[in-house]
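**Q** Structure for the following, please:
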Amino acid sequence: MKHGKRYTELAKQVERMKQYETGEACELCCNIANAKFDETVEMHIRLGVDSRHADQQVRGAVVLPNGTGKDVRVAVFAKGDAARAAEAAGAEFVGAEELAERIQKEGFMDFDVVIASPDMMGVVGRLGRILGPRGLMPNPKAGTVSPDVARAVADAKAGKIEYRLDKSNIIHCPIGKTSFGKDKLVENFETLLDAVIKAKPAAAKGQYIRSCVISSTMGPGIKVATNRYMNVSANVQ
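**A** Sure thing, here's the model as predicted:
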C-alpha cells in the first residue's frame, strides 16, 4: 500500500519494530499528529481467539473514563415513562413505530447509537437489515437493550463504546482525541484493555493478547508493549 509524503514523514518518527510502553506510545501519537483537525486515536487489539467459533466470541461495552471526545447522537425506542425518561436523559430522538417507519421509509439515520427498552425489540427487530450492517442494532451485551433507558442514554453520552471482533480477530475502537494528551489516553487505553481481558472466553487457549497498536486518524501505527497485559490475561478464566 502506497502512502503520501506527509504520512511517510510521520512514519519516520516511529520505530517500526519497537514496542512502546503505553504512556510513551500515547504521547508519541499526540506529538506527531499534525492534521488541521482534532484526530481520533484508535486502538487495535489482535486476540488469540477464533471468531468463527461461537464460544470464542469477544463482545461487550465499556464506558471510557474520559469519553471519546465525540458528541454522540442517541435514538431511543421506548414508550410511556421510559420514553419520557430517555428524553430527560438527553436522547435526541425518541419514538416507537413512527421512528421505525421514519428509518425504513425515509432513510433517516441521523444518529450514532440506538437504544431500546426490551418491550420494543419486536419493532426494532424489523430494522435488522438496516441497523445491523451499520453496527447499530441494539444488543443486551452492549447494554443498548435495557429496561433503564435513561441510564443507557447517559452511558452513551458519557463515552460508552462497544467492542467486538472482526473477521480477522481484531478489535478496533476509538479511545479519544489527540487533544486529550497522554494521561487521559492512557486511562482510556487501560480501561478498554481491562474490559477486553475480563471478556476472555473460557474456550480461548494460549496467548490471548497477541498485539496492540494505536494510531491517530492520519498517523502511522504505533506498537504497544503487551507483555504485562499478557501476564494478566493468562490468569483470567
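**Q** From here on, just use CA atoms for contacts and neighbour counts.
**A** Fine.
**Q** where does the protein dip in pLDDT?
**A** 1-2, 229-237 (pLDDT under 70).
**Q** how much space between residue 135 and residue 164?
**A** 10 Å (C-alpha to C-alpha, to the nearest Å).
**Q** the strands in the protein, which residues?
**A** 40-47, 59-63, 74-77, 93-95, 113-116, 160-164, 170-177, 209-216, 222-223 (DSSP state E).
**Q** Pairing partners for the last one, with directions?
**A** Which is strand 222-223. In the sheet, strand 222-223 lines up against strand 209-216 (antiparallel) (DSSP bridges).
**Q** Strand 170-177 and the strand it pairs with, what's the angle between them?
**A** 40 degrees (axes from the mean of the first three to the mean of the last three C-alpha atoms, to 10 degrees).
**Q** Strand 209-216 to strand 40-47, inter-axis angle?
**A** 170 degrees.
**Q** Relative to residue 61, how far out is residue 155?
**A** 10 Å.
**Q** OK, contacts around residue 142?
**A** 59-61, 162 (C-alpha atoms under 8 Å, 6 or more residues apart in numbering).
**Q** Now render the residues you listed as TSV, adding distance to residue 89 and neighbour count.
**A** Formatted as TSV, these follow (distance: C-alpha to C-alpha, whole Å; neighbours: other C-alpha atoms under 10 Å):
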residue	distance to residue 89	neighbour count
59	26	17
60	22	18
61	19	18
162	20	21
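**Q** Just give me the closest of those residues to residue 71.
**A** Closest approach between those and residue 71, by C-alpha to C-alpha: residue 162, at 15.7 Å.
**Q** Between residue 135 and residue 164, which has more neighbouring residues?
**A** Taking other C-alpha atoms under 10 Å, residue 135 and residue 164 do not tie; residue 164 has more neighbours (18 against 13).
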